[in-house]
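Colleague: no sequence on this one, just coordinates:
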């Protein structure tokens, strides 16, 4: 790999910026100063230092974000995006959110630059489970639960069965709290399903995607790297249905 590409890939600056740094003698490979941006390095075995700091090569990055309401699940937008929540030292141009959460929806969002993993998780053939916690205006019933299991009809299409769990019901305020497990990702699906049985979602949070759980100790708006165990769970090929 070219030295300038190595450094740019590792977030040390744009290709133009790292080329200039190399020419200024700010880069060493295996303890020797290198001033050619075309110098070839073995990203796995060579030791590269930038301004005296060791730069280790990592191809793919995986972050778990607790998305707050009010930000867009996109890489660029006129409004604030989930990537705007990243610190400068963690931001990379190739990061993107895996799937979408509505602007007013909170919770688990995977941010990565691994396109192959994203494709596996989002493929309709894989039916990766997504679990949501919701607060609802209206009383959710066992009849609703049965309807969700049978498959709600939206816009003339019968959706896949969804598992509704009623956590609590407040008869006085006529509200409910629920969890809902989906096996597909239609537009505004949770809100539209609840609306189809005559109720309204007032708060929505994704708490699980496949085997990846939203950590209870991860503050809203914060992110962290996936653990090796979490990455192994996500990387396991989901069974096709």
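Modeller: Thanks, I have the structure now. These numbers were taken from a predicted model, which means no experiment stands behind them.
Colleague: Which strand in this protein has the most residues?
Modeller: Here the longest strand in the chain is taken by residue count, with DSSP state E as the criterion, and it is strand 200-209.
Colleague: what is the rounded mean pLDDT of that one?
Modeller: On average, the pLDDT along strand 200-209 is 97.
Colleague: what stretches of the protein score poorly on pLDDT?
Modeller: Counting by pLDDT under 70, the chain shows low-confidence ranges at 237-241.
Colleague: for the protein, which residue is closest to the average position?
Modeller: Note on the chain: the residue nearest the mean C-alpha position is residue 110, at 1.6 Å, using C-alpha atoms, centre = their mean.
Colleague: Now do the same contact list for that one.
Modeller: For residue 110, the contact set (C-beta atoms under 8 Å, 6 or more residues apart in numbering) comprises 62-65, 97-99, 118, 121, 209, 212, 226, 234. Where C-beta positions appear, they are placed from N, C-alpha and C, glycine not excepted.
Colleague: where's the residue of the chain most remote from its centre relative to residue 47, distance?
Modeller: Computed with C-alpha atoms, centre = their mean, the residue of the chain farthest from its C-alpha average is residue 32, at 39.4 Å. Residue 32 sits 10 Å away from residue 47, going by C-beta to C-beta, to the nearest Å.
Colleague: quick revisit: closest to residue 153 out of the contacts of residue 110?
Modeller: For those, the minimum distance to residue 153 (C-beta to C-beta) is 23.4 Å, reached by residue 99.
Colleague: And the nearest residue to that closest one once chain neighbours are set aside, how far from residue 184?
Modeller: Distances taken as C-beta to C-beta, 6 or more residues apart in numbering place residue 122 nearest to residue 99, at 5.7 Å, with adjacent residues excluded. In this structure, residue 122 and residue 184 are separated by 10 Å, where distance is defined by C-beta to C-beta.
Colleague: again with residue 79
Modeller: Here the distance between residue 79 and residue 184 works out to 27 Å (C-beta to C-beta).
Colleague: the more surrounded of those two?
Modeller: residue 184 (13 against 10; other C-beta atoms under 10 Å).
Colleague: list the contacts for the more buried one?
Modeller: Residues in contact with residue 184 (C-beta under 8 Å, 6+ apart) are 124, 127, 159, 160.
Colleague: Name the member of those with the shortest distance to residue 141.
Modeller: When the contacts of residue 184 are compared for distance to residue 141 (C-beta to C-beta), residue 159 comes out closest, at 18.6 Å.
Colleague: wait, what's in contact with the closest one?
Modeller: Taking C-beta under 8 Å, 6+ apart as the contact definition, residue 159 lies against 151, 152, 153, 184, 186, 189, 193.
Colleague: Narrow those to those that are buried.
Modeller: The neighbour-count criterion (16 or more other C-beta atoms under 10 Å) marks 152, 189, 193 among the contacts of residue 159 as buried.
Colleague: No further questions, thank you.
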